[in-house]
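K.L.:
got a predicted model here, sequence first, then my questions.
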Amino acid sequence: MRRQFHKMHGLGNDFVILDAREQPLAIDESLVRQLADRKHGIGCDQLILLEPSKSADLRMRIFNEDGGEVQSCGNATRCVVKLTGAETIETAGGLLHGRSEGDAIEVALIEPRLAWDAIPLAYPLPTDPLPMGWENLDRPYAINVGNPHLVFFVDDLEDADLEGIGPGIETDPVFPERINVNVATVEGGAIRLRTFERGAGLTRACGTGACATAVAAIRSGRATSPVEVLMTGGTLTINWSPGEPVRMRGDATYVFEGSIELP
Ligand SMILES: N[C@@H](CCC[C@H](N)C(=O)O)C(=O)O
């Protein structure tokens, strides 16, 4: 069956979006890998499947390029808000809210969770920071903003061999659902961030990573809200106060529309 798809990106973190709100679509791991493949498929960091929802304007399912289904994706949420005009979005990581603000899109994720079993960790440990280290990266903050993140603050962003060390941290048995790995510096009140994403590797930007990092920076007194988070692909503005959902504002870009034969 031939299906239409939308190619979009949020600060260079790119998506194939399939709209199955009217015509159901069964997706499995191998189909996601095939479509996400940059040489033989369409190519993307995440595949996004839109479905009907009983509790929100739509349901958004998120698949990493390795085929695994995950709970949240900040950059894709901004793209979906721009594409569909949805204001409430059901995800496996919680109910999200979005709206256009001029050219930008603002999305409210969930209230950040810090309890060890909400990250989740395999056994009880403090998360603020986590008393663990990998090579020259030490004592990260563990935060769940719908999906799980580790945030390392370092003096020099270029010192961290994120591509080399990321896979070992992502799959450490202390993280039973694996984890997204963020390395950040705070300079002149702004955050510079690189993210090694669970199931996708290094990406040009990570919306939930920016939110988790901003929360860790604000909680630890390194930054104040609102804070700008600068990534390879561009900048997000993050707003957060304790006890509230974390909000992000930034661009979403439509690239092209296409169609593909699916089983
Ligand atoms: N790129 C995303 C996050 C996508 C999911 C993540 N890799 C995970 O496995 O949780 C973003 O912009 O937030």
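P.N.:
Structure's in. What do you need?

K.L.:
going forward, measure contacts and count neighbours with C-alpha atoms only.
P.N.:
Will do.

K.L.:
can you give me the helices in this structure?
P.N.:
29-36, 74-84, 162-170, 207-219 (DSSP state H).

K.L.:
quick one: closest of the ones you listed to residue 129.
P.N.:
Evaluated over these, closeness to residue 129 peaks at helix 207-219, with 9.1 Å, by Cα to Cα.

K.L.:
which strands and helices sit next to that closest one?
P.N.:
helix 74-84, strand 141-144, strand 148-153, strand 180-187, strand 190-197, strand 227-231, strand 234-239, strand 247-250 (3 or more Cα pairs under 8 Å, 6 or more residues apart in numbering; DSSP states H and E).

K.L.:
domain map for the protein?
P.N.:
2-100+252-261, 116-244 (automatic domain parsing).

K.L.:
columns mean neighbour count and distance to the ligand on top of those domains, output as a markdown table?
P.N.:
Converted to a markdown table, the domains of the chain look like this (neighbours: other Cα atoms under 10 Å; distance: least, Cα to the nearest ligand atom, whole Å):
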| stretch | mean neighbour count | distance to the ligand |
| --- | --- | --- |
| domain 2-100+252-261 | 19 | 3 |
| domain 116-244 | 20 | 4 |
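
K.L.:
picking up where we left off before, with distance to residue 67 and mean pLDDT added, can I get the helices of the chain in JSON lines?
P.N.:
Output for the helices of the chain, formatted as JSON lines (distance: least, Cα to Cα, whole Å; pLDDT from 0 to 100):
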{"stretch": "helix 29-36", "distance to residue 67": "4", "mean pLDDT": "98"}
{"stretch": "helix 74-84", "distance to residue 67": "16", "mean pLDDT": "98"}
{"stretch": "helix 162-170", "distance to residue 67": "16", "mean pLDDT": "97"}
{"stretch": "helix 207-219", "distance to residue 67": "19", "mean pLDDT": "98"}
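
K.L.:
can you lay out the ones you listed as TSV showing distance to residue 244?
P.N.:
Shown next, in TSV, are the helices of the chain (distance: least, Cα to Cα, whole Å):
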stretch	distance to residue 244
helix 29-36	34
helix 74-84	17
helix 162-170	27
helix 207-219	11
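
K.L.:
quick one on the thing from earlier: for residue 106, find the nearest of the domains of the chain.
P.N.:
Nearest to residue 106, of those and by Cα to Cα, is domain 2-100+252-261 at 5.5 Å.

K.L.:
distance from that closest one to the middle of the chain?
P.N.:
A distance of 12 Å separates the centroid of the chain from that of domain 2-100+252-261, by Cα atoms, centre = their mean, to the nearest Å.

K.L.:
gap between the two ends of that domain?
P.N.:
Chord length of domain 2-100+252-261, first to last residue, is 4 Å (Cα to Cα, to the nearest Å).

K.L.:
surely residue 103 and residue 251 touch.
P.N.:
Yes - using Cα atoms under 8 Å, residue 103 is in contact with residue 251, at 7.2 Å.

K.L.:
these two: which is more packed in?
P.N.:
residue 251 (19 against 9; other Cα atoms under 10 Å).

K.L.:
could you find the closest non-adjacent residue to that one?
P.N.:
residue 104 (5.0 Å; Cα to Cα, 6 or more residues apart in numbering).

K.L.:
contacts only, for that neighbour.
P.N.:
Counting by Cα atoms under 8 Å, 6 or more residues apart in numbering, residue 104 touches 249-252.

K.L.:
identify the farthest-apart pair in those.
P.N.:
249 and 252 (9.8 Å).

K.L.:
stretch 66-74: end-to-end distance?
P.N.:
Using Cα to Cα, one end of stretch 66-74 lies 18 Å from the other.

K.L.:
repeat that for stretch 151-162.
P.N.:
Per Cα to Cα, stretch 151-162 runs 12 Å from first to last residue.

K.L.:
what of stretch 167-186?
P.N.:
So stretch 167-186: terminal residues 24 Å apart, Cα to Cα.
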